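> Attaching a predicted model along with its sequence, questions to come.
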Amino acid sequence: AFLLIFTIAVYIAILYICRLLWNLYMATEMGKMFINYFPDEAKSTFHFLSMDPIKLSVGITIYSFLFSIAAGAICQLLGLNFYFFEKFGVLGKALVCGLPLTALIASYVQPLYGFQAWGATFMIVLLPSLSVFGRCIGYAEKLLPELSDIKKRLVG
């Protein structure tokens, strides 16, 4: 619960800072030129930043948690944690586990929130998903046995 609350709070702060910086940028000549030269990107950014930061943060963090805990449970049950998680350092875990999970979460979240570009959606869900995936996989590892262990206990 603390992990989720902390992630949500940090993400809300970041979203408010992004909104402030975007409004500051739009007040400049360069910002006005950006709207003229890149109307689709500007429209997408306006759409994203006009959303309620609290609801967006809570929603994306919860989806990140659910996908990460499900992936961790599946990998633990199938005995894949060693191959995809345990043998890597922090950067390796982020590359091998975190980024694919982020891509999966982005694919799921994109139509729910009406984001136009998948790449932008990926960047939007990157912070919450990378914040929770490691702990979720660790929780699954501590709470669930591997299927091979269950089989050994049942067989004898």
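Perfect, thanks for sending it. Numbers count the residues shown, from 1 in each chain.

> burial count for Leu101?
24 (other Cβ atoms under 10 Å). Using the backbone N, CA and C atoms, a C-beta is placed for each residue, glycine as well.

> other SSEs contacting the helix or strand containing Leu49?
Secondary structure assignment for Leu49, by DSSP states H and E: helix 39-50. Using 3 or more Cβ pairs under 8 Å, 6 or more residues apart in numbering; DSSP states H and E, the elements in contact with helix 39-50 are helix 2-26, helix 29-37, helix 118-143.

> quick check: angle from it to helix 118-143?
Relative orientation of helix 39-50 and helix 118-143, computed by axes from the mean of the first three to the mean of the last three Cα atoms, to 10 degrees: 40 degrees.

> Check which element follows helix 39-50 along the chain.
Sequence-wise, the next helix or strand downstream of helix 39-50 (DSSP H and E) is helix 53-77.

> now the angle between helix 29-37 and the helix holding Leu49, please.
Relative orientation of helix 39-50 versus helix 29-37 (the same axes, to 10 degrees): 120 degrees.

> For helix 39-50, give the mean pLDDT please.
Averaging pLDDT along helix 39-50 gives 89.

> That's all I had, so thanks and see you.
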